[in-house]
Structure formats: structure tokens, C-alpha cells
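**Q** Fold the following and give me the result.
(2 chains)
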Protein chains: 2
Amino acid sequence: MTKVRAVYKFEAQPNSGELSISVDEVLTVIKESGMEGYILSTTRMNTTSDEKHEIIVNSGPCWEPIAQPYYCVVDKPKKESKLKGLKSFIAYSVTSSLSGIQVFVSRRYKHFDWLHEQLSNKYILTSIPPLPEKQVAGRYEEELIEHRKNILQLWVDKICRHPVLSKSDVWIHFLTCTDEKSWKSGKRKAEKDEYVGGNFLNCVTVPAEPLDVADVQVETFSRCVRSLEDSVRVMYDRVKDLHIRLAGSYKTGWQKLAAGFAGLANSFELDRTDYITSALKECAKVYRHIADQHEESSKKDVDPLMDCLYTYRGLLVNMPEIISIHKVFSIISEHEMEKVRRKVDTVNYAVLAEIHFQHQERGQDFKKMMSVFLEKQAAFYQDISRQLSELSVKFQNS
Amino acid sequence: MTKVRAVYKFEAQPNSGELSISVDEVLTVIKESGMEGYILSTTRMNTTSDEKHEIIVNSGPCWEPIAQPYYCVVDKPKKESKLKGLKSFIAYSVTSSLSGIQVFVSRRYKHFDWLHEQLSNKYILTSIPPLPEKQVAGRYEEELIEHRKNILQLWVDKICRHPVLSKSDVWIHFLTCTDEKSWKSGKRKAEKDEYVGGNFLNCVTVPAEPLDVADVQVETFSRCVRSLEDSVRVMYDRVKDLHIRLAGSYKTGWQKLAAGFAGLANSFELDRTDYITSALKECAKVYRHIADQHEESSKKDVDPLMDCLYTYRGLLVNMPEIISIHKVFSIISEHEMEKVRRKVDTVNYAVLAEIHFQHQERGQDFKKMMSVFLEKQAAFYQDISRQLSELSVKFQNS
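**A** Model prediction:
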């Protein structure tokens, strides 16, 4: 869904199908999704698709769960080059356990980017998680590469866990194709895929029962997504602040106290009060160490939380598009409805299944994200406490 | 010792005893201490003194230790008024265990101030700890009153522990006098005391052995005091920064995260993901509590450390005066020396005894101050860790 602003005025001819616009009018343009073609059966499919997805009903419509869960690990980012060193890039090792066998491939960012585009075009009812931002400056700095690797890991995790995406042909091609030639043919095949956008729904089997359009449920989901989008954005900014503070002013604060204690130690050394001198020196050392631990904590504890929130922010930003598709079809007239009811049911089944999945995932993701973050922070403060306590005893026994 | 800057130029007549000065020249003026009178026996004493102090020799000269240590507690600052409410002031309860009996008196700041002046005039070889700063604005704010009480407590502690000051007549008068009439007569007596400054040394008995003037020891002490003065000042400033940060940016940081979590909780509430909503609400609550604990820590942990450092800064600032007195008398000529050797010995014995005492005290004071501070900070971080750990479990089990 994109917002555009009209630059010229245009007066439509009556009954021409044209649209009148005035200067500065803002229009919302919904991406041409092929959904109309699917609903009205005007798109003729020339190929068949191997992908089959099923929606079942438990407490409500949901995607058939993944039969054989598997993992995928993005690791060992390595600088490689081609054209005799003229072009250099980072290659990631992508290891997966699809169908029980461990498969390893090497992929560049541009491959992820291409895959992201294919998935976004094909599965318009599903919010595809965001890739790390494409940064050119300082592209090969170790920390940045590590950071991107972590976000890519979250990205593949999300896809592995999604009942539809995890079975996607193009994704499986990405995970398993090892030779250049079949990579290229698979790439061409994916790019020519007819079952994208609305037409993807031809691969989806839904229950025979007609569906009561659950507007309330979609409305709730929509309100929740808008609200979450805001609160995740706010949370991201605040966690980013924490990140900056831990590695900045907090660290400096401990360092300054360390320097203060070191100064006191020097003065007591002049005074030959050895017992207090050595305790103060130890104190300065421990405070410097705790200062460094603050920076470490920003990387070890806060970075992963920021990465999770980044991924969620991206997921949520794409969510409203799903909802708008649902809305478009809930305003089709009663007469037209009769003719296309089964197709509209499929769309709605898919929307509800996706809502169900996202709802479930979200709770689990935040549960895990928060418990891991809090556990790490607890350990961080525990370690500070232990060091200060040992120092206190050192002074007591000095 | 005061530094003054000459505003006018003055040309001295030769052999007139006058001093030539040029504009902007900085002169160091040593307080008229009566030390000359004592050394040269030119001061005639008209009264006798009840105070007797003895210097003994262990590994070096030191004051005879306190025979019966006692405590003194400054407590229950209370707003009182006189002249039918026209004048209001804070009265502190001062309880002491002198000679084994608990004695309670009520004293105002101005009484402490008067006592401080008497002690400073009488015991010029001893560094008298500083009183809290006299602040008029917001004089009756609870926190400020509490703060002053704490510094007064440190002040009386220092006096109780000093082998000379703890036996001082004027101090004992302050501690024990309960009726207005004898208070006034004691006050007059103290103000007319002849045994002040140099003449106080008439109350001091020193070993018969002539003293090898230990210039090296005094020089070391002097270097150490100058160095400590600097490092305690730096430390004070940094601990003050910590105080400000704990109650300011650190607290705000936790509060902002708390608000972020509360926002997330609201969004999840819309989504009816109850388990995560309640965990996030708890998280916001705990983060707010930890924010408050940061401010508390600035009061409970950092304030006492600042008060100790404040007291030490004051003690150290007064120290150089002792040293300068020693220096003045170490440059007396050999001929004059013969006549006054016994008196000079007494001065030097007293200086060395005082150096010994201060050296010993300092180590013990810093040992206690640091171990208490670190213990409290360890408990503070331990408590944060415990709360975060409990939160983590709450998310895990949600």
C-alpha cells in the first residue's frame, strides 16, 4: 500500500472509468495483486504448481501445521571475491536440515534480497520479515557483518516456522541448490511463476464449509497491529537508547569512578597505608572491568533484543496490506458475491489462518525474546553485585 | 593559612622591619597562633588548666590512647521556636555515654558552630573536621536536615575518637551541660581560655628524651596530604556525579523502558494475548520500581559516601596548617634552639603524635567507608538482578 500525492489536476470524463484528482490530493494505491483476476477467474493459468497448502479448522481457520519442522542456520560470514579480486562480497553459510539431511549452501546478501522479493510478490497475504538494512558504508566491518548475520538468522527462523513459507518452492531452492546451473534455472522458474499474488490462492485448499466473514476478528487484529506498530517502534527507540547509554555514559561513569579510586590508591601509597592501597587498586581495576562489561552487555544483551524488535517492526509494517486486501473483498456487492463466494471464502480463510498464525507467533516470540533478555540482564547485574561484594569483603579484611 | 593579594605597592625602609610588596604579589599569612609566645616563654599564664594530655612513644610518638572510649549520637532533628514563634530553628538531640552514663542534651547548629570555633582556636595542631555547610535557603527541608544531621554525626564521631579532642573541656561542656545558666558560664570560661593555640602545649606532657626532628616523616605526611586533598576532591566530584546520575538519567532510563513495556502490554491486551500482557505489565511495574530504587540508592548508598568524603576533604584542607607550624620551628637557628629545645621538642612531639593519629585514622576510615559503600551497592545490584531474574521466569512460564 503506497501513498501518492497528485501533482497535476485531472478532470475525469463521465463514465470513462477515469478518476478526477485535484492538486495535492493524497491517494492510496494498493499494489496490483492479481487478486481481482483470481476472484473473478479472469486469469488463465498456463502452468501447474507443485505447491499445495491446506487450511484446516481448529478453534478457527489455521494453516495446516508444519509436518516436519526443520532448522536453518546462517553462519560464518566470509569475505570472498571474484573477477580476480575486483569485486568483493560477504558470503554466508546457510545450513538447513530439510527432510532430515543437513544441506549447506553459500549465499550472498543479494541472494537473500532476491528471495525476499520473490516471497513478497508471491505470498501477499503473509507478512514477510525484513532483511537487515542494506548498508554500503563500512560494509565489511566485523561488528556490522555480525549484526547483519543475526538479523538474517531471525529472518530464516521466521520463514522456517511459517507453515506456508517453510514449504515454498523458491525458499527450498534457495536452501538446497548447490550448483550454479540449476540455481539459474530455478531462479528463472521462480521469476516466471504464475502462482503469485492473488493466484497463489489456487494452491490453497480450504474447508468446504462456507465462511462467515469474521469482520470483528479482522478489525481487532487490525487495531492490535496498528497499536503494536507504535509500541514496538517506541520500544525499539528506547532499547536503542539503552544500548547507547550502556556503551556510553554508563560505561564512562564507572570508568570515572575507577580513575577516582586509582587516584586515591596513589595518595595512600605515598602514605604507606599498604592495606588500603591494595584494596583501592583492586577497586579501580574492578570498576574498570565493570565499565567494560557495560559495553559488552550492550552487545550481548541489548543487540539481540534490538534485532528482534527490528524484525517485528518490519513484520508489523507489512501487516496492514493483508488487512486491506480483506477489506476490499468484504465490500463486494451481494449479487456479485453469489458468483464468487467460494473464491472469496478462500481469501478470507487464508486471511484468518494468517491472522491466527501471526497472533500465536507473536506471543511466543515476545515471550522468548523477553525471557532471554531479562535472564541476560539479571546475570549482568548479578555479576556486578558479586564483584562489588567481593571488593567489600576485601576492604573489610584489609 | 590564608593567601592574600597585595593591592598597593609598598617600599620598605631598610632595617625598619617593614616588608616591601609589589602590586598583585601573593602573600601567605599564617594565623597568629601564640606559638612564639609559648616557645619563647613570653606569654604569662594567669590561670591553670584542668586539661592534661600525654604523648607516649610506641613505634613513634603518639597521643596516649583514650582510656574509656565513648559514643555520641546526634539524632532527632526537631523544629523548635522561641519568642512565641518569631524565631524558629532546628534542635538536635545529642546523646553521649561519657563516663558510662547516658547524657542527653539539645543543641542547635549555632552551638556546634561555636564549639567548632573554640576547638579550632585551641587545638591548632589538630585538624578539626568540618561542620555541614551553613545553608539558609530551604533550611527546614526534611532531606537537607537529615543530611546535615549525618555530617554532624560524622563530626562528633571524629571528636569522640580523637585522643585529645575527646578529653577537651569545652567539648565535654557541650556534651553534658543541661541548664542554661551553667551553659553560659561554661561558654564564658571557654572563650576566656588562655590555653589556646601555642599555649595549649602547656597542657601536654612529652617524654623526657630529646626528639630527633623527623623532617622526613613530616615531609612524607605533607606530600601525602597534598596528594590526598586532590584525590579526595576528585573522588568527591565523581561520587557526586554518580549521585546525580542515579537519581537522574539512570532513573529516567529505567522509567522510559518501563513506559515502553507498558505500551507493549497495552497493545497485547488488544490482541487478547493474556499471558504476555500480564508478564509485560509486571515487567513495566518492576522497571518502574527499579527506577525508584536508583534514586533510593543515591540516598542510601551514595549520600553517606559523599558525607564521609566531605568530612575528609575538610580535614585535609586544615592539615597543611599543622605542617607549616612544624616547618616554622624547624628553621630556628642553632643558638636560639639551645634555649628553647624542650619547648620545640614538645611542639614536634605533638606534631608527630598528631601525624601518627591521622595516619592511623585515615586507613581505618577509608576501609570502613569503602566496605560499607560497596556492600550497599552490591546489595542494590543483587536486588535488581533478583527482580529481573524473577521476571525472566515469569515470561518463561507465561
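**Q** quick one: low-confidence parts of chain A?
**A** Flagging of chain A using pLDDT under 70 yields the residue ranges A:1-4, A:15-18, A:26-33, A:135-140, A:213-215, A:320-337.
**Q** Who are the contact partners of the spatially most central residue of it?
**A** The residue lying closest to the centre of chain A (CA atoms, centre = their mean) is A:Thr311, at 2.7 Å. Contact analysis of A:Thr311 by CB atoms under 8 Å, 6 or more residues apart in numbering or on different chains lists A:129-130, A:151, A:154-155, A:158. For glycine as for every other residue, the C-beta is placed from the backbone atoms N, C-alpha and C.
**Q** Of these, which pair is most distant in space?
**A** A:Ile151 and A:Lys158 (10.7 Å; CB to CB).
**Q** before we move on, back to that, among the contacts of A:Thr311, which one sits closest to A:Tyr8?
**A** For the contacts of A:Thr311, the nearest to A:Tyr8 is A:Pro130 (34.2 Å; CB to CB).
**Q** Which of the contacts of A:Thr311 fall in strands?
**A** Of the contacts of A:Thr311, none are assigned to strands by DSSP state E.
**Q** which one of the residues you listed is nearest A:Ser298?
**A** Closest approach to A:Ser298 among the contacts of A:Thr311 (CB to CB): A:Ile151, at 16.7 Å.
**Q** count of residues packed around A:Leu119?
**A** 23 (other CB atoms under 10 Å in any protein chain shown).
**Q** Give the closest residue to it in space, chain neighbours not counted.
**A** Closest residue to A:Leu119 apart from its sequence neighbours, by CB to CB, 6 or more residues apart in numbering or on different chains: A:Ile128 at 4.9 Å.
**Q** what do you get for A:Leu374?
**A** B:Ser392 (3.7 Å).
**Q** Just to check, that neighbour is in contact with A:Met369?
**A** No: applying CB atoms under 8 Å, one finds B:Ser392 not in contact with A:Met369, separated by 11.2 Å.
**Q** Among the two, which residue is more densely surrounded?
**A** Legend: neighbour count by other CB under 10 Å for B:Ser392 and A:Met369, higher for B:Ser392 (22 against 19).
**Q** Look up how far B:Lys343 lies from the more buried one.
**A** Per CB to CB, to the nearest Å, B:Ser392 is found 73 Å from B:Lys343.
**Q** Quickly list the domain ranges of chain A.
**A** A:1-205, A:214-397 (the TED database).
**Q** out of these, deepest packed?
**A** Among these, domain A:214-397 has the highest mean neighbour count (mean count of other CB atoms under 10 Å in any protein chain shown), at a mean of 19.
**Q** now that one, how far from the centre of its chain.
**A** Relative to its parent chain, domain A:214-397 has a centroid offset of 14 Å by CA atoms, centre = their mean, to the nearest Å.
**Q** What of stretch A:36-44?
**A** That offset, for stretch A:36-44, works out to 32 Å (CA atoms, centre = their mean).
**Q** Outside of that stretch itself, which residues are in contact with it?
**A** So stretch A:36-44 is in contact with A:34, A:197-199, A:201-202, A:329, A:332, A:340, A:343-344, A:347, going by CB under 8 Å, 6+ apart.
**Q** Could you rerun that using 10 Å?
**A** A:34-35, A:45, A:194-195, A:197-202, A:328-329, A:332, A:336, A:339-340, A:342-344, A:346-347 (CB atoms under 10 Å, 6 or more residues apart in numbering or on different chains).
**Q** so what's in contact with A:Ile151 and A:Lys158 at the same time?
**A** A:129-130, A:311, A:314.
**Q** Now flag whichever of these is closest to B:Tyr109.
**A** A:Thr311 (61.5 Å).
**Q** Looks to me like the closest one is in a strand.
**A** No: assessed by DSSP: H, G, I helix; E, B strand; the rest coil, A:Thr311 does not belong to a strand; its assignment is helix.
**Q** where's it relative to A:Ala67, distance?
**A** For A:Thr311, the distance to A:Ala67 - CB to CB - is 25 Å.
**Q** Ok, A:Thr273 next?
**A** From A:Thr273 to A:Ala67 the distance is 73 Å (CB to CB).
**Q** which secondary structure element contains A:Tyr8?
**A** A:Tyr8 is part of no helix or strand when elements are defined by DSSP states H and E.
**Q** list the contacts for it?
**A** A:21-23.
**Q** Now do the phi/psi pair for the closest residue to A:Trp114 other than its chain neighbours.
**A** In space, and not counting its chain neighbours, A:Trp114 is closest to A:Lys187: 7.4 Å by CB to CB, 6+ apart. Phi and psi for A:Lys187, reported as degrees, to the nearest 10, are phi -60, psi -50.
**Q** I figured A:Lys187 hits A:Lys110, correct?
**A** No: between A:Lys187 and A:Lys110 there is no contact, the gap being 11.6 Å when judged by CB atoms under 10 Å.
**Q** Report the contact partners of the residue nearest to A:Trp114.
**A** A:111, A:114-115, A:118, A:170, A:173-174, A:177.
**Q** Which two of those residues have the greatest separation?
**A** Once CB to CB is applied, the contacts of A:Lys187 give A:Gln118 and A:Cys177 as the farthest pair, at 13.5 Å.
**Q** hang on, the residue nearest to A:Leu119 packs against A:His162?
**A** Yes: contact criterion CB under 10 Å: A:Ile128 and A:His162 qualify, at 9.1 Å.
**Q** Between those two, which contacts overlap?
**A** A:Leu119.
**Q** Can you show me the strands along the stretch 101-250 of chain A?
**A** A:103-108, A:204-205 (DSSP state E, counting those that start in this stretch).
**Q** The last one packs against which elements?
**A** Read that as strand A:204-205. strand A:53-57, helix A:334-396 (3 or more CB pairs under 10 Å, 6 or more residues apart in numbering or on different chains; DSSP states H and E).
**Q** got the angle between the first one and helix A:334-396?
**A** Put plainly, it is strand A:53-57. 90 degrees (axes from the mean of the first three to the mean of the last three CA atoms, to 10 degrees).
**Q** Would you give the sheet partners of strand A:53-57, along with the direction of each?
**A** strand A:61-63 (antiparallel), strand A:204-205 (parallel) (DSSP bridges).
**Q** and it, how far from the chain's centre?
**A** Distance of strand A:53-57 from its chain centroid, counting by CA atoms, centre = their mean, is 25 Å.
**Q** swap in stretch A:100-119?
**A** The answer for stretch A:100-119 is 15 Å, by CA atoms, centre = their mean.
**Q** For that stretch, measure first residue to last.
**A** Taking CA to CA, to the nearest Å, stretch A:100-119 runs 24 Å from one end to the other.
**Q** repeat for stretch A:98-114
**A** Terminal residues of stretch A:98-114 are spaced 21 Å apart (CA to CA).
**Q** Tell me how far the residue nearest to A:His173 when sequence neighbours are not counted lies from chain B.
**A** Nearest-residue entry for A:His173: A:Gly186, 4.2 Å, with adjacent residues in sequence omitted and distances by CB to CB, 6+ apart. A:Gly186 sits 38 Å away from chain B, going by CB to the nearest CB, to the nearest Å.
**Q** How about A:Gly314?
**A** 16 Å.
**Q** Check A:Val204 too.
**A** Counting by CB to the nearest CB - A:Val204 and chain B are separated by 25 Å.
**Q** A:Gly260: which of the strands paired with strand A:53-57 is closest?
**A** Nearest of these (CB to CB): strand A:61-63, 60.2 Å.
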